[in-house]
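Student: Predicted model, plus sequence, below.
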Amino acid sequence: GQSLEQPSEVTAVEGAIVQINCTYQTSGFYGLSWYQQHDGGAPTFLSYNALDGLEETGRFSSFLSRSDSYGYLLLQELQMKDSASYFCAVRGNLDFNKFYFGSGTKLNVKP
Amino acid sequence: DVKVTQSSRYLVKRTGEKVFLECVQDMDHENMFWYRQDPGLGLRLIYFSYDVKMKEKGDIPEGYSVSREKKERFSLILESASTNQTSMYLCASSFAGGSNEQYFGPGTRLTVT
């Protein structure tokens, strides 16, 4: 089976840097993705890591360590609009078309 | 612009009613998914389809069925709605093969009374 763990809530101030961690246990592994969801909105894709290391996209970066079954999303220069829930997701290697999501981390950005 | 639409944003139904949730995507995606989202539980996969008339069960298929008669449309059916099916339902689609990006619809907030 698949299980993903991430913190339920994180609070940070505007302009700061915040890291949201995700640890996973999967029967197979085919990459770690991150999604953002604002209250009342649809999840939107942020990033994907298939290999170890850091992927940077503007203010957001995502990191993966396959040996540790661990990844994180790094948000820099936080803005109020970054207040949202962030989900990590894995794609099973055995059931290739299925995606499994963590329970989400609610990020509160304060002025 | 990529678009996934769902038939209703809010729906209120009575226990025992048959409920249809419709999802349409305009991206010619092979894969389509139905999730439910509950506080503290994240997104849980109900069913997905990788082709017309093809479907596979997700993690929580009990009490649900699906239909995919056309590539762009994927329907979720609650045969006899129950109060424990009150939830947010999200439809998503993606290309087949190596794509790891799913596109989500706005969701349907279903309340069963």
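Tutor: Ah, there it is.
Student: CA atoms for contacts and neighbours, from now on please.
Tutor: Noted.
Student: where's the residue in chain B that chain A sits nearest to relative to residue B:95, distance?
Tutor: Taking CA to the nearest CA, chain A has its nearest neighbour within chain B at residue B:42, 3.7 Å off. Going from residue B:42 to residue B:95 by CA to CA, to the nearest Å gives 23 Å.
Student: the strands in chain B, which residues?
Tutor: Taking DSSP state E as the criterion, chain B carries its strands at B:4-6, B:10-13, B:19-25, B:31-38, B:42-51, B:54-57, B:64-70, B:73-78, B:87-94, B:103-104, B:108-112.
Student: would TSV of those with mean neighbour count and mean pLDDT be doable?
Tutor: Listed next are the strands of chain B as TSV, based on neighbours: other CA atoms under 10 Å in any protein chain shown; pLDDT from 0 to 100:
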stretch	mean neighbour count	mean pLDDT
strand B:4-6	20	95
strand B:10-13	13	97
strand B:19-25	20	97
strand B:31-38	23	95
strand B:42-51	22	92
strand B:54-57	16	91
strand B:64-70	17	97
strand B:73-78	20	98
strand B:87-94	25	96
strand B:103-104	24	94
strand B:108-112	19	98
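Student: about what we covered before: check contacts around the residue of chain B closest to chain A.
Tutor: A:87, A:101, A:102, A:103, A:104 (CA atoms under 8 Å, 6 or more residues apart in numbering or on different chains).
Student: try 6 Å this time
Tutor: Applying CA atoms under 6 Å, 6 or more residues apart in numbering or on different chains to residue B:42 gives the contacts A:102, A:103, A:104.
Student: doesn't residue B:71 make contact with residue B:52?
Tutor: Yes - the pair formed by residue B:52 and residue B:71 meets the contact definition of CA atoms under 6 Å, at 5.4 Å.
Student: bridging residues for residue A:11?
Tutor: residue A:108 (DSSP bridges).
Student: Please apply the same query to residue B:51.
Tutor: residue B:54.
Student: where's it relative to residue B:29, distance?
Tutor: Relative to residue B:29, and taking CA to CA, residue B:51 is found at 9 Å.
Student: Quick check: chain neighbours aside, which residue is closest to residue 105?
Tutor: Assuming you mean chain A. Using CA to CA, 6 or more residues apart in numbering or on different chains and skipping the chain neighbours, the partner closest in space to residue A:105 is residue A:8 (4.6 Å).
Student: please go with chain B instead
Tutor: Residue B:105's closest residue in space is residue B:4 (CA to CA, 6+ apart), at 4.6 Å.
Student: go on, residue A:101?
Tutor: With CA to CA, 6+ apart, the residue lying closest to residue A:101 is residue A:89, at 4.2 Å.
Student: Over to residue A:41?
Tutor: residue B:106 (6.0 Å).
Student: Per-residue confidence, the closest residue to residue A:17 other than its chain neighbours, what does it come out as?
Tutor: Leaving aside its sequence neighbours, residue A:17 sits nearest to residue A:76 (CA to CA, 6+ apart; 4.4 Å). Looking at residue A:76, its pLDDT reads 97.
Student: Now for residue A:76, how many residues are close by?
Tutor: 16 (other CA atoms under 10 Å in any protein chain shown).
Student: didn't it look like it was pressed against residue A:14?
Tutor: No - the pair residue A:76 / residue A:14 is not scored as a contact, 9.6 Å apart, by CA under 6 Å.
Student: quick one, phi/psi of residue B:26?
Tutor: For residue B:26, the backbone dihedrals are phi -110, psi 20 (criterion: degrees, to the nearest 10).
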